[in-house]
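[1] Fold the following and give me the result.
(one chain, ligands or ions: 1)
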Amino acid sequence: MARSLTILGATGSIGRSTAEVVLAHRDEFHVEAVVGGSNVQALADKAKSLGARFAALADEGANAELKDALAGTGIGCGAGRSAVLEAVDRPSDIVLAAISGTAGLEPTHAALKPGRRIALANKESLVCAGTAFMADARRRGVEVVPVDSEHNALDHALTAGHNRNVEKAVITASGGPFRTWPRERIAAAGAREASAHPIWSMGSKINIDSATLMNKGLELIEAHHLFGLEAERLDVLVHPEAIIHGLVQWTDGALTAGLALPDMKVPIANAMRGAERIPMNLPRLDLAAIGRLTFERADELRFPCLALARAALKAGGAAPTILNAANEIAVEAYMAGHIGFYAISEIVEEVCSSFSGTGNAPATVAEALAVDGEARDRARRLVPGKRL
Ligand SMILES: NC(=O)c1ccc[n+]([C@@H]2O[C@H](COP(=O)([O-])OP(=O)(O)OC[C@H]3O[C@@H](n4cnc5c(N)ncnc54)[C@H](OP(=O)(O)O)[C@@H]3O)[C@@H](O)[C@H]2O)c1
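    Numbering: from 1, shown residues only. Below is the predicted model of the structure:
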């Protein structure tokens, strides 16, 4: 029987890949609702091509335009916070959560309803409010399945043994566009160069996070919340070919790895469907043709954001919430051309150290958002000349 699906962030990179999976498997899924940020035409097109019943945009001012774009289709629609929450509230078996940034936290958290599966791409939900989010998911009987290719690979690799026998869980990093660049050249690079990811085609914020390696740091924090592994049992390995996505090293020294060609449709389909895999008509991994897989350690001197994220994970409490908020403001400022590449890590570091002690982890999403707001204000004050 077809399962109903709601897609948050339907117009983005993950949203578009999800739509491809759905359109190739119409008998498996029917789309209840689609949610976007502000792009009216892209959302209306997605709603129509997927046969969604409801479409919601976060941008309140887009209501009339969205209504016009969907006139005569029979698809219900709305704009603004309440419309987004209405979309999330509609009956669906699966919610694919792929809004970018902390903007995804409130709707993704509201999607935690008993019996549902959350296919989670929005890692910032867990970085900002992981303790509260996962506690609420457990309490409400919601299965949270990672879409991130690294965590999806770990999710499978971890089924090969007991959690207590995990010595280390390792997520791989392609290394981003600046992997081989010297520090001086990276320092002068603009957002266009930082966005030229060698492997993945992604949204603008995660592109910059991949160039700074903050994305790997956010993923370590995400892994901590998903798998209950402490900082000491989590690591990063640079693997430019992006074929191995996650590895588990067991206490007897053996390793279990998750491999796939780098195509987000594979973990998306898996996160939506589970152990009973969907046959996917995609190219197969030909290891003999690839011939060689290579690995390096991450260089935290050229990529200080990774060290900052590791420190926040180790510190615990509200440190990841603060790190994530400061990073979002700094990345926005970098993309707008207000600051240079290394000012991202400098702003994050200064905001993190401006909080005296990080206390307990926020116990509720509201608490997390209050800390997030304060950290954003402090980060904005460090962006020279401009109000963001
Ligand atoms: N791309 C990847 O390969 C990849 C891999 C793993 C994990 N992820 C994670 O998945 C998430 C999405 O990444 P992405 O690359 O797909 O980003 P993206 O291409 O920038 O897409 C972001 C989506 O979120 C929507 N959106 C933005 N602000 C919103 C708001 N306030 N309310 C509702 N919707 C809003 C956008 O709508 P508009 O189009 O209207 O702006 C768009 O649909 C991120 O958390 C990222 O870390 C991505």
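[2] Might you enumerate the residues of this protein proximal to the ligand?
    9-15, 35-39, 42, 58, 84, 98-100, 103, 121-124, 148, 200, 202-204, 206, 264 (C-beta under 6 Å from any ligand atom). Every C-beta, even on glycine, is put in place using the N, C-alpha and C of the backbone.
[3] Disregarding flanking residues, what is the spatial nearest neighbour of Met214?
    Cys305 (3.8 Å; C-beta to C-beta, 6 or more residues apart in numbering).
[4] what helix or strand does the one you found sit in?
    helix 304-315 (DSSP states H and E).
[5] swap in Glu167?
    Using DSSP H and E, the element containing Glu167 is strand 166-173.
[6] Identify the residues contacting that strand?
    If you take C-beta atoms under 8 Å, 6 or more residues apart in numbering as the criterion, strand 166-173 is touched by 150-151, 154, 157-158, 213, 215-216, 219-220, 223, 227, 229, 233-239, 242, 244-251, 298.
[7] hey, where'd the helices end up in the stretch 101-250 of the chain?
    105-110, 123-139, 149-157, 183-187, 191-194, 204-212, 214-227 (DSSP state H, counting those that start in this stretch).
[8] count of neighbours near the closest residue to the ligand within the stretch 101-250 of the chain?
    Residue of the stretch 101-250 of the chain nearest the ligand, by C-beta to the nearest ligand atom: Gly203 (2.3 Å). By other C-beta atoms under 10 Å, the residues close to Gly203 number 18.
[9] got it, and Gly385?
    Gly385 has 7 neighbours, counted by other C-beta under 10 Å.
[10] Who are the contact partners of it?
    Contacts of Gly385 by C-beta under 8 Å, 6+ apart are His338.
[11] picking up where we left off before, measure the residue nearest to Met214 to the ligand for me?
    Applying C-beta to the nearest ligand atom, to the nearest Å, the value for Cys305 to the ligand is 14 Å.
[12] tell me the contacts of that residue?
    Contacts of Cys305 (C-beta under 8 Å, 6+ apart): 209, 212-214, 217, 327, 344-345, 348.
[13] Pro362 too?
    Going by C-beta under 8 Å, 6+ apart, Pro362 touches 129, 131-132, 318, 321, 368, 370-371.
[14] at 6 Å instead, please
    129, 132, 318, 368, 371 (C-beta atoms under 6 Å, 6 or more residues apart in numbering).
[15] now swap in Leu220 and tell me
    Residues counted as contacts of Leu220 (C-beta under 6 Å, 6+ apart) are 234, 313.
[16] returning to that earlier point: what about the contacts of Pro362, which one has the most neighbours?
    Within those, most neighbours by other C-beta under 10 Å means Ala129, with 33 neighbours.
[17] isn't there a strand covering Thr6?
    Yes: per DSSP: H, G, I helix; E, B strand; the rest coil, Thr6 lies within a strand segment.
[18] I figured it hits Ala33, correct?
    Yes: using C-beta atoms under 6 Å, Thr6 makes contact with Ala33 at a distance of 4.4 Å.
[19] Give me the nearest residue to the residue in the chain that the ligand sits nearest to, chain neighbours excluded.
    Across the chain, no residue is closer to the ligand than Gly12, which sits at 1.9 Å (C-beta to the nearest ligand atom). Closest residue to Gly12 apart from its sequence neighbours, by C-beta to C-beta, 6+ apart: Gly203 at 5.2 Å.
[20] check contacts around that neighbour.
    By C-beta under 6 Å, 6+ apart, the residues touching Gly203 are 12-13, 100.
[21] rerun at 10 Å
    Gly203 makes contacts with 9, 12-15, 98-101, 195, 209, as judged by C-beta atoms under 10 Å, 6 or more residues apart in numbering.
[22] before we move on, what about Ala370?
    Ala370 neighbours (C-beta under 10 Å, 6+ apart): 318, 321, 362, 364.
[23] what do you get for Glu219?
    By C-beta under 10 Å, 6+ apart, the neighbours of Glu219 are 123, 126-127, 146, 148-151, 154, 171-173, 209, 213, 226, 234, 236, 246, 309.
[24] and with 8 Å instead?
    123, 148, 150-151, 171.
[25] just Val331 next, same as before
    205, 208-209, 214, 344.
[26] give me that answer again for 7 Å
    By C-beta atoms under 7 Å, 6 or more residues apart in numbering, Val331 lies in contact with 205, 208-209, 344.
[27] tell me which element Ala326 falls in.
    With DSSP H and E as criterion, Ala326 is part of helix 319-335.
[28] Let me know the next secondary structure element after that helix.
    helix 341-354.
[29] Distance from the chain centre to that next one, please.
    21 Å (C-alpha atoms, centre = their mean, to the nearest Å).
[30] Could you give me the buried positions within it?
    By neighbour count on 16 or more other C-beta atoms under 10 Å, the buried set for helix 341-354 is 341-345, 347-352.
[31] Leaving out chain neighbours, which residue sits closest to Arg26?
    Ala2 is the one closest to Arg26 (C-beta to C-beta, 6+ apart), at 8.0 Å.
[32] what stretches of the protein score poorly on pLDDT?
    386-388 (pLDDT under 70).
[33] which residue lies farthest from the center of it?
    Distance from the C-alpha centroid of the chain, by C-alpha atoms, centre = their mean, peaks at Gly72 (34.8 Å).
[34] Just say helix, strand or coil for that one.
    coil.
[35] can I get the contacts of Gly203 in JSON lines with secondary structure?
    As requested, the contacts of Gly203 are arranged in JSON lines below (three-state DSSP):
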{"residue": "Gly9", "secondary structure": "coil"}
{"residue": "Gly12", "secondary structure": "coil"}
{"residue": "Ser13", "secondary structure": "helix"}
{"residue": "Ile14", "secondary structure": "helix"}
{"residue": "Gly15", "secondary structure": "helix"}
{"residue": "Ala98", "secondary structure": "coil"}
{"residue": "Ile99", "secondary structure": "coil"}
{"residue": "Ser100", "secondary structure": "coil"}
{"residue": "Gly101", "secondary structure": "coil"}
{"residue": "Ser195", "secondary structure": "coil"}
{"residue": "Asp209", "secondary structure": "helix"}
